[in-house]
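Peer 1: fold the following, please.
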Amino acid sequence: MKKRLFPSIAILTLSLLAGCSKPSEPPVAEPVARVSTAPAVRGDLPLNVIGYGTVQFDPSRQQVLTTQIESRVAETLVQPGATVDAGSPLLRLAPSSASSLDLTQALADAAGARDELARQQRLRADGLASDGDVERAQTSANDLTARANTLSRNIGDVRTLSAQSSGVVDAVLVSPGDVVPAGSPLVRLSEPDAIQARINFELEDATRLASGDVVHLTGLDGGTHLTDAAIATIDLRVDPATRMTSIIVPLPPGNGFLAGEAVRATAVGDTKSQVILTPRSAVFTDEQGDYVFIDQQGKAERRRVESGETNGDLTEIVSGVSEGEQVVIKGGAILSDGMKLTSGDTATGQAVNPEAPK
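Peer 2: All right, here's what the predicted structure looks like:
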């Protein structure tokens with residue numbers, strides 16, 4: 001009877017243990033990442049070059065006022081940047097002490113030339129001089145007399161130097177008290193709308209540009225000035241201080257730019273034709289190189305790629321992605337290979353077609 005009891009107790013114990021054990025847990029759901037995708041497209045990729053420079057007045061359309069005799073600057077009447085009309089007073093000039101000596105010498109030279117003319121005329125009457133001798137003496141007498149008359153008009157009381165036409169005072173090149181020789185520049189006037197941008201570029205970038213290429217200019221001094229203009233000149237001399245070259249871009253009137261303003265210039269230096277393009281946000285980099293995630297039938301496929309040039313929001317894919325494949329452009333940072341995907345936003349091919357960025 002005891003032998004029959006032991007099996008019954010064992011069965012009862014197993015039944016009690018089975019009744020106290022926890023129910024089996026349901027399987028863990030596989031994570032699903034919500035991403036945005038876009039197709040890789042084939043198109044042209046413009047390669048921009050960027051330079052920086054300054055707006056300045058066009059030197060070819062500037063007027064430099066000078067003095068005909070050595071003078072002393074008595075007073076400056078304008079400041080750089082002022083707008084003046086034709087006839088506006090700019091400087092007051094007084095003759096220097098040397099100017100009086102110049103006048104005395106000029107009067108003596110003119111008198112001597114007239115005496116020589118009279119002598120040559122007498123010799124010609126006596127047949128001892130030629131007509132050519134008389135003509136040369138006449139020319140010399142006329143020139144020296146004109147110079148003496150000019151000095152006589154300019155030497156006297158304080159005189160005023162006035163603007164010959166309307167414009168902007170680009171520079172006052174003298175200060176009160178300066179003694180300036182004859183022919184010295186005193187004031188530089190510029191036409192208000194005759195402005196240009198001188199943009200500095202690396203030599204390698206400048207050689208990729210040509211006269212007539214369009215440049216997009218953006219003001220950097222707090223304004224919102226934007227304009228497109230064509231390159232007029234490419235100066236391939238290298239500045240020894242900056243080791244850069246420059247281009248000259250005339251600016252259209254009424255664009256809002258001012259002389260002295262700093263600008264940023266963007267131009268298309270080259271174009272890569274018919275390459276595979278993806279948004280730049282699709283490309284990731286680790287210690288082994290670049291990679292992207294491809295949406296393969298709802299699962300993430302991590303794929304190694306060779307990337308090329310990048311311009312704006314677009315990156316060239318040299319190898320690793322085919323045209324039309326859906327690349328993850330948003331949400332890829334949290335993905336791992338093989339993860340399930342749900343697409344929250346799928347762009348069309350038109351969304352990433354390249355344009356020359358401005």
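Peer 1: okay, now the domains of this protein?
Peer 2: 32-49+272-352, 50-59+192-266, 60-190 (automatic domain parsing).
Peer 1: want to throw these into TSV with mean pLDDT and mean neighbour count?
Peer 2: Any C-beta I mention is one placed from the backbone N, CA and C, and that applies to glycine too. Shown next, in TSV, are those (pLDDT from 0 to 100; neighbours: other Cβ atoms under 10 Å):
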stretch	mean pLDDT	mean neighbour count
domain 32-49+272-352	88	17
domain 50-59+192-266	91	16
domain 60-190	85	16
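Peer 1: and Ala197, which helix or strand is it part of?
Peer 2: According to DSSP states H and E, Ala197 maps onto strand 195-201.
Peer 1: now Gly338
Peer 2: Applying DSSP H and E, one finds Gly338 in no helix or strand.
Peer 1: ditto for Ala300
Peer 2: Per DSSP H and E: strand 299-311 holds Ala300.
Peer 1: can you tell me how far Pro279 sits from Val78?
Peer 2: Distance, Pro279 to Val78, using Cβ to Cβ, to the nearest Å: 55 Å.
Peer 1: strands of the stretch 101-250 of the chain, start to end?
Peer 2: 159-162, 167-172, 179-180, 185-190, 195-201, 214-219, 226-230, 233-235, 245-250 (DSSP state E, counting those that start in this stretch).
Peer 1: who wins for proximity to Pro46 among those?
Peer 2: With Cβ to Cβ, the closest approach to Pro46 among the strands of the stretch 101-250 of the chain belongs to strand 214-219: 11.5 Å.
Peer 1: need the residues that contact the closest one.
Peer 2: 197, 199, 225-231, 247, 249, 251, 256-257, 261-268, 358 (Cβ atoms under 8 Å, 6 or more residues apart in numbering).
Peer 1: related to what we said a few turns ago, just how off-centre is the strand holding Ala197 within its chain?
Peer 2: 6 Å (Cα atoms, centre = their mean, to the nearest Å).
Peer 1: same for it, what does it pack against?
Peer 2: Taking 3 or more Cβ pairs under 8 Å, 6 or more residues apart in numbering; DSSP states H and E as contact, the helices and strands that strand 195-201 lies on are strand 41-57, strand 214-219, strand 245-250, strand 262-279.
Peer 1: what angle sits between the first one and strand 195-201?
Peer 2: Interaxial angle, strand 41-57 versus strand 195-201 (axes from the mean of the first three to the mean of the last three Cα atoms, to 10 degrees): 120 degrees.
Peer 1: quick one: strands adjacent to the helix or strand following strand 41-57?
Peer 2: Per DSSP H and E, the first helix or strand lying C-terminal to strand 41-57 is strand 62-66. Strand partners for strand 62-66, identified by DSSP bridges, are recorded as strand 185-190 (antiparallel).
Peer 1: I'd guessed Ile69 sits against Pro95; true?
Peer 2: Yes - the criterion here is Cβ atoms under 8 Å, and Ile69 meets it with Pro95 at 6.7 Å.
Peer 1: picking up where we left off before, Serialize the helices and strands packed on strand 195-201 to TSV and add fields for distance to Leu314.
Peer 2: As requested, the helices and strands packed on strand 195-201 are exported to TSV (distance: least, Cβ to Cβ, whole Å):
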stretch	distance to Leu314
strand 41-57	6
strand 214-219	17
strand 245-250	25
strand 262-279	5
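Peer 1: separation between Pro192 and Val169?
Peer 2: Remark: distance between Pro192 and Val169 (Cβ to Cβ) = 11 Å.
Peer 1: anything in contact with each of those two?
Peer 2: What both Pro192 and Val169 touch, as defined by Cβ under 8 Å, 6+ apart, is the set Thr83.
Peer 1: picking up where we left off before, send me the strand holding Ala300 as CSV with only the CA atoms.
Peer 2: Taking C-alpha atoms only, strand 299-311 is exported to CSV below (Å, rounded to 0.1, in the frame of the first residue of the first chain):
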residue,chain,number,x,y,z
LYS,A,299,13.7,46.9,-44.8
ALA,A,300,16.8,49.1,-44.3
GLU,A,301,19.8,47.9,-46.3
ARG,A,302,23.1,49.5,-45.3
ARG,A,303,25.2,50.0,-48.4
ARG,A,304,28.7,51.2,-48.8
VAL,A,305,29.1,54.0,-51.5
GLU,A,306,31.7,56.1,-53.1
SER,A,307,30.6,59.7,-52.9
GLY,A,308,31.9,62.5,-55.2
GLU,A,309,31.3,66.2,-55.3
THR,A,310,28.7,67.9,-53.1
ASN,A,311,27.0,71.2,-54.0
